[in-house]
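Need coordinates for the following:
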Amino acid sequence: ILLLNRLTMASEERVAFTRDSPLPRQKLEELRFDGWGYKDCGFFLNENEVFEFKGTRYPLTGAVPGLRDFMREFIEAGPEHPAPPKVPITAESVPASVPNPEFENFLSQQKFHYSSCPFERVFRSHGHCVQEIGAMRLGKVPDRVVDIVAWPTNEEDVVAIIDAAVKYNVCLLPFGGGTNVSLALRLGNEPRMVCSVDTSQMNKIVWIDEDNLVARFQCGITGLDLENELRKRRYCVGHEPDSFEFSTLGGWVATRASGMKKNTYGNIEDLVVNVTVITPSGKIQKNYQAPRVSVGPDIHHFILGSEGTLGIITEVTLKIRPLPQYRKYGALLFKTFEDGVSFMRETARQRCPPVSIRLVDNEQFRFGLSLKQPSGAAFASLKDFFNKWYLLKWKGFEADQMTLCTLLFEGDREDVLQHEKRLRQMSEQYGAIYAGEDSGERGYLLTFLIAYLRDIGLDFHVWAESMETSCPWNRVVDLCRNVKERIKLECRIKGIRYTPFVSCRVTQIYDVGACIYIYFGFNGRGVSDPLKIYDEIEAAAREEILDNGGTLSHHHGVGKLREQWLEKSQGQLGVSMFHAVKKQVDPTNVFGVGNLLTNKSKL
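Numbering: from 1, shown residues only. Got it, this is the predicted structure:
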C-alpha cells in the first residue's frame, strides 16, 4: 500500500543530488549565514498562500499545500500571522576585530588565504541551533565573533598557524562545516585575537589502498564530496549523517558522529583507522596501521569527541567498501508506536537490521503527510481514498495512533531481497502492513530538508528544534512519552498560549538500546522573549531525558549547550581526566573554545 506520493527525483545518483563539486572557499557565495543550506533552496509562501519548496538540488520541488493546514491545526500558526521581517545584518553591526599586528603580519606572508571580512567572521562564529539562527534573524550578532579567518590547504599550513598562535598569544577556533547544534562556536569573553581556521580547502583524497580497503583524506572534505569522489572509483565509506552535504570529516571525528547507515557501515569510531592531529605540543598520530592492537589506551578515544579543544585534525584514514550493487527502500506501518519499537528491538536482538531503520511516532508521521505533494490524477486520489478506507475500516488502524518505520537495504541484490523478505515476515508478528518502497525512499530523503523547515517556521513565529539521546531498550517508550509530556507542561508554565508540536523518532539501534530524536516547536506569537523561553524549555527537556535514563548526547556532542550536565554524565573524575589531557597537549590554551570544559576548570 502506498500512502505517500513519490517525490520528483533528480536524474543524478542520490549521493550527488545537491552539487557535483566542492563548495567555494568563500561559502557565502552559495550558503546562507542566517539560516540553513543553499541560498537557492528553501521553503517559501507563494502568492496563493501555499508553501512551496524552491530549487532543483533536492528531490522535492513545488507546492506542498498540506503544510499550511498542518501548521494551523497542530501549532496554530500560518500565513495570517507572519513574524516581523528579518533584520538585516550590516558590516557596521559586527563587533570590531581584536588586533594582533604580529599574527596578522605572519598571515600576510603565507601562501594560503585569510580574511577579516565582517560577514566571513560572523559566518564562522555560530552554528545551527535555533537559538543562534533565531538571534541572527532578529539582527542580533554574537557579542564576540572571530577576528580573522584563515584557510590552510595542507598540514604544513596548519603547523605554521599553530606555531604562530603560540608565539603571538592567539586563540584558534577550528571550523569545518559549521553545522553543529551545540553552541560549540560560541566564544564567550575571549580577550585574545581569535582566528577561525577554516579547513574547507583541505578537501582532497590523499591516497586509496585497495588491497586493504582503506583511504586517507584531508580533514576538510565534506561527506557529500567524499562519497562523490569515492564513487568515481566504485567505493564508499557509508557514513551519512543528516548534515553530510555540509559537515566535514574532521568535524565528524571531533564530535564523535553517527550516520543514518551505521547498522552496516558503523559510527565514525568504527570507521576510523588513523587520525593525525596537530597540537601546540606536537603531532598526535599512531605509527602503525593494523586491525587491532593491545598497546595501552587507544589514543583515538582522546581525539574522537574532543570538539576542537586539543588541536586541529588534519588527515584521517577510514575504512572503505566496494559500492553496493543494489539499493532498495521500504516502509512498514504499525498500529502504535509501541508495536514499532518492539519490532525494532527484535531486529536488534536477532542482529538483522537493514542499513537504515527508523521509526517515527504518530505526530511526526502526520507531519510527513503534510509534505505530500498533490498528484493531480483522479486515479491517484481514488487510490488514496481506498488506502485510507482499507487501513482504518478493514485493518483497524487509527489515524491518531499509527506510526511509520522506514527501511533502507544495500548490498547484493539477492541478499537484499532475502533480507527484506525476512524483515517483512518478522514485522507481521507486530501487526505491520507494508507501506511501499516509495514511502521508505521519501521518508529517508526528507531528512535532508528538516533544517529548511525549521527556518520557514521562524517566518511565522514557530521556534522549533531537535535534540537527541540514547537509552536502553526498556526505557525507549517511557522516555519518549515522559519527555513529550514534560515539554507540553513547560510550555503551559511559561505562558505559551498555543499547543506545542512535540514528536519523536527512533533513528539508530544497537544490541542494548537505541538513539532517539525529540522534535519540538512552539508558537511564540505574543511571547516577549522566545529565545529565553526556548532555552528554558530545552533545559527542562534535557533534565527529563537524563532522569528517564537517557544520555546527554548520542552524537551531537556537548559544546556549551549541554556542558552544565557534563559532570553528571561523565563524573567529576572523568571530566578531570580530560582536563589533564588538555593541559598536557595545549598548556597555554591556544584552542580555547571552551567546549567540554566546565566553569570549574582550572586551565
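
from here on, contacts and neighbour counts on C-alpha atoms
Will do.

Mind listing what's buried along stretch 569-579?
Using 16 or more other CA atoms under 10 Å as the test for burial, stretch 569-579 gives S569, V575, S576, H579.

Now do the last one, the pLDDT please.
As summarised for this prediction, H579 has a pLDDT of 92.

just to revisit the earlier point, could you dump the buried residues of stretch 569-579 into CSV and include distance to L561?
Converted to CSV, these look like this (distance: CA to CA, whole Å):
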residue, distance to L561
S569, 14
V575, 16
S576, 19
H579, 19
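
With respect to K204, which of those is nearest?
H579 (32.8 Å; CA to CA).

which element is that closest one on?
In the assignment (DSSP states H and E), H579 maps to helix 572-585.

quick one: contacts of that helix?
279-282, 302, 309-310, 566-567, 589, 597, 601, 603 (CA atoms under 8 Å, 6 or more residues apart in numbering).

wait, what's in contact with I89?
Taking CA under 8 Å, 6+ apart as the test, what I89 contacts is M136, G139, K140, V141.

between those residues, which is nearest R121?
Closest approach between the contacts of I89 and R121, by CA to CA: V141, at 10.8 Å.

residues near the closest one, how many?
A count of nearby residues for V141, using other CA atoms under 10 Å, gives 20.

Spatially, which residue comes closest to it, not counting chain neighbours?
Leaving out its chain neighbours, the residue that sits closest to V141 by CA to CA, 6 or more residues apart in numbering is V94, at 6.5 Å.

So what's the residue count around that neighbour?
19.

what does Q110 give?
13.

about what we covered before: which of the contacts of helix 572-585 ranks first by neighbour count?
Ranked by neighbour count (other CA under 10 Å), the contacts of helix 572-585 have L310 at the top, with 27 neighbours.

Now stretch 202-209: buried residues?
In stretch 202-209, counting by 16+ other CA under 10 Å, buried: M202, N203, K204, I205, I208.

From those residues, pick the one nearest R366.
After measuring these against R366 - CA to CA - the closest member comes out as N203, at 39.7 Å.

Assumed that closest one was part of a strand.
No: with DSSP: H, G, I helix; E, B strand; the rest coil as the criterion, N203 is coil rather than part of a strand.

what's it in contact with, if anything?
F217, Q218, C219, G220, I221, T222.

Excluding chain neighbours, give the residue nearest to it in space.
That would be I221: by CA to CA, 6+ apart, it lies 3.9 Å from N203.

Same check on S370?
The shortest distance from S370 to any non-neighbouring residue, by CA to CA, 6+ apart, is to G66 (4.3 Å).

tell me, how many neighbours does that neighbour end up with?
Every residue meeting other CA under 10 Å relative to G66 is counted, giving 18.

Let me know the distance separating it from D211.
G66 sits 52 Å away from D211, taking CA to CA, to the nearest Å as the criterion.

Then I133?
In terms of CA to CA, I133 sits 46 Å off from D211.

Sketch out the low-pLDDT regions of the stretch 1-150 of the chain for me.
Along the stretch 1-150 of the chain, the model assigns pLDDT under 70 to residues 1-18, 20.

what are the ranges of the strands in it?
42-45, 51-54, 62-63, 113-115, 148-151 (DSSP state E, counting those that start in this stretch).

For the residue lying closest to F103 once chain neighbours are set aside, give me its contacts.
Distances taken as CA to CA, 6+ apart put Y168 closest to F103, at 6.1 Å, once the chain neighbours are dropped. Going by CA under 8 Å, 6+ apart, Y168 touches N100, E102, F103.

I'd guessed the last one sits against A165; true?
What it means is F103. Yes: between F103 and A165 there is a contact under CA atoms under 8 Å: 7.2 Å.

Those two - which one has more neighbours?
Neighbour comparison, F103 and A165: the larger count goes to A165, with 22 against 18 (by other CA under 10 Å).

Determine the number of other residues adjacent to K328.
What K328 shows, counting by other CA under 10 Å, is a neighbour count of 17.

Specify the local secondary structure of it.
Under three-state DSSP, K328 comes out as strand.

Relative to M260, how far out is the residue nearest to it when sequence neighbours are not counted?
Leaving aside its sequence neighbours, K328 sits nearest to F409 (CA to CA, 6+ apart; 5.2 Å). For F409, the distance to M260 equals 12 Å [CA to CA].

same thing with D535?
D535 sits at a distance of 27 Å from M260 (criterion: CA to CA).

For those two, indicate the residue with more neighbours.
Using other CA under 10 Å, the more surrounded residue of D535 and M260 is M260, with 23 against 14.

Spit out the contact partners of the more buried one.
H239, E240, P241, D242, V355, S356, T507, Q508.

so how many other residues sit close to the first one?
To tie it back to what came earlier, the one meant is H239. 25.

before we move on, what about M193?
Neighbours of M193 (other CA under 10 Å): 21.

sorry, back to before: which member of the buried residues of stretch 569-579 is positioned nearest D147?
If you rank the buried residues of stretch 569-579 by distance to D147 using CA to CA, H579 comes first, at 26.5 Å.

What about the contacts of M260, which are in strands?
Of the positions in those, S356, T507, Q508 sit in strands, assigned by DSSP state E.

wait, which of those residues is closest to D34?
D34 lies nearest to T507 out of the ones in strands among the contacts of M260, by CA to CA, at 27.7 Å.

residues in contact with the closest one?
With the criterion set at CA under 8 Å, 6+ apart, T507 makes contact with M260, I357, R358, L359, A514, C515, I516, Y517.

hmm, who's touching the strand or helix carrying the last one?
For Y517, the enclosing helix or strand under DSSP H and E is strand 513-523. The contact list for strand 513-523 (CA under 8 Å, 6+ apart) reads 75-77, 461-474, 476, 480, 484, 491, 496-509, 554.

quick one: low-confidence parts of the stretch 301-450 of the chain?
Those would be 375-390, 393-394, if you go by pLDDT under 70 across the stretch 301-450 of the chain.

rerun at 50
377-383, 385-386 (pLDDT under 50).

Show the residue spans covered by the helices in it.
337-349, 362-370, 378-389, 413-428, 437-445, 450-458 (DSSP state H, counting those that start in this stretch).

other SSEs contacting the longest one?
When you say that, I think you mean helix 413-428. strand 326-334, helix 337-349, strand 403-411 (3 or more CA pairs under 8 Å, 6 or more residues apart in numbering; DSSP states H and E).

again, only this time at 10 Å
strand 326-334, helix 337-349, strand 403-411, strand 433-434 (3 or more CA pairs under 10 Å, 6 or more residues apart in numbering; DSSP states H and E).

got a markdown table for these, with distance to F123 too?
Output for the helices and strands packed on helix 413-428, formatted as a markdown table (distance: least, CA to CA, whole Å):
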| stretch | distance to F123 |
| --- | --- |
| strand 326-334 | 37 |
| helix 337-349 | 40 |
| strand 403-411 | 35 |
| strand 433-434 | 45 |
